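Asks: The sequence and its predicted three-dimensional model are supplied below.
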Amino acid sequence: EPEVTQTPSHQVTQMGQEVILRCVPISNHLYFYWYRQILGQKVEFLVSFYNNEISEKSEIFDDQFSVERPDGSNFTLKIRSTKLEDSAMYFCASSEATVRYTFGSGTRLTVV
Amino acid sequence: RKEVEQDPGPFNVPEGATVAFNCTYSNSASQSFFWYRQDCRKEPKLLMSVYSSGNEDGRFTAQLNRASQYISLLIRDSKLSDSATYLCVVKTSYDKVIFGPGTSLSVIP
């Protein structure tokens, strides 16, 4: 069964540093998403991406965040100047037609 | 009112029991509805979509009441492997889904 692949599985970074979380969506999917889940809290929508541009974003997704699809296969989330409260599990998801989402196994980001 | 609300749980039930989860959503224009399950520290996985007429998949039955903005999930004959957090998920617009906070289920031998 096709999978969404995320790397790294765990990232530790110092406060103030920039991190890039990487995702390889399912190859024939056209819609891509980032979600985050702070430990013990609910899954929160960050951003959706279609046709090489952001289609929707939440209030969480401010200027600190950016997404990119640099080469037709990877889909990245960049977090600039990380804060302690950015520590969370970040899930990438993709879908064929904005209906059924397949999630990657997540990247656990720890900001120290 | 929160966009998607669920029973807070946790639900602790014996094997073989029937358990029902409830979910309400605030946006009457919501288009699609799903139940996901999430195991501890794992990614959410689609359990089933929820259709207007109600739908069943083995031991799982989902119902949607658009007038009441209410979704339910019924699990019959609970198994130990059903222990997880069940997430009510609502698609509110073209390309945005909102997750409920989840309801934790523990099935006890």
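Replies: The structure has been received and is ready for your questions.

Asks: separation between A:Pro70 and chain B?
Replies: Distance, A:Pro70 to chain B, by Cβ to the nearest Cβ, to the nearest Å: 21 Å. To be clear about C-beta, it is placed using only N, CA and C from the backbone, and glycine gets the same treatment.

Asks: Does at least one residue of the lowest-mean-pLDDT helix or strand in chain B sit close to chain A?
Replies: Within chain B, no helix or strand scores below strand B:96-99, which has a mean of 86 by mean pLDDT, DSSP states H and E. Yes: under the criterion of Cβ under 8 Å from any Cβ of the partner chain, chain A is reached by strand B:96-99 at B:Lys96, B:Val97, B:Ile98, B:Phe99.

Asks: Identify the residues contacting that strand?
Replies: For strand B:96-99, contacts defined as Cβ atoms under 8 Å, 6 or more residues apart in numbering or on different chains pick out A:35, A:42-45, A:48, A:56, A:58, A:101, B:3-4, B:25, B:34, B:36, B:44, B:87-92.

Asks: hmm, the next helix or strand after that strand touching chain A?
Replies: Remark: after strand B:96-99, the chain's next helix or strand is strand B:103-108, criterion DSSP states H and E. No: Strand B:103-108 lies out of reach of chain A by Cβ under 8 Å from any Cβ, never closer than 11.0 Å.

Asks: I'd like to know which elements strand B:103-108 is packed against.
Replies: strand B:11-14, strand B:19-25, strand B:84-93 (3 or more Cβ pairs under 8 Å, 6 or more residues apart in numbering or on different chains; DSSP states H and E).

Asks: Comparing these, which comes out most buried?
Replies: For these, the largest average neighbour count (mean count of other Cβ atoms under 10 Å in any protein chain shown) is found in strand B:84-93, namely a mean of 22.

Asks: ok, is that one in contact with chain A or not?
Replies: Yes: contact check for strand B:84-93 against chain A, using Cβ under 8 Å from any Cβ: residues in range are B:Leu87, B:Lys91, B:Ser93.

Asks: Show me which residues of chain B are close to chain A?
Replies: Proximity of chain B to chain A (Cβ under 8 Å from any Cβ) is limited to residues B:32, B:34, B:38, B:41-46, B:49, B:87, B:91, B:93-102.

Asks: What spatial separation is found between the residue located most distally from the centre of chain B and chain A?
Replies: In terms of distance from the mean C-alpha position of chain B, B:Pro109 ranks first, at 22.6 Å (Cα atoms, centre = their mean). Going from B:Pro109 to chain A by Cβ to the nearest Cβ gives 26 Å.

Asks: That residue contacts B:Lys79, correct?
Replies: No: judged on Cβ atoms under 8 Å, B:Pro109 makes no contact with B:Lys79 at a distance of 10.4 Å.

Asks: Overlap in contacts, the two.
Replies: In contact with both B:Pro109 and B:Lys79: B:Glu15, using Cβ under 8 Å, 6+ apart.

Asks: Roughly how far does A:Thr107 sit from A:Val4?
Replies: 12 Å (Cβ to Cβ, to the nearest Å).

Asks: Could you do B:Tyr86 as well?
Replies: As judged by Cβ to Cβ, B:Tyr86 and A:Val4 stand 21 Å apart.

Asks: distance between the least confident helix or strand of chain B and the chain's centre?
Replies: Strand B:96-99 sits 13 Å away from the centroid of its parent chain (Cα atoms, centre = their mean, to the nearest Å).
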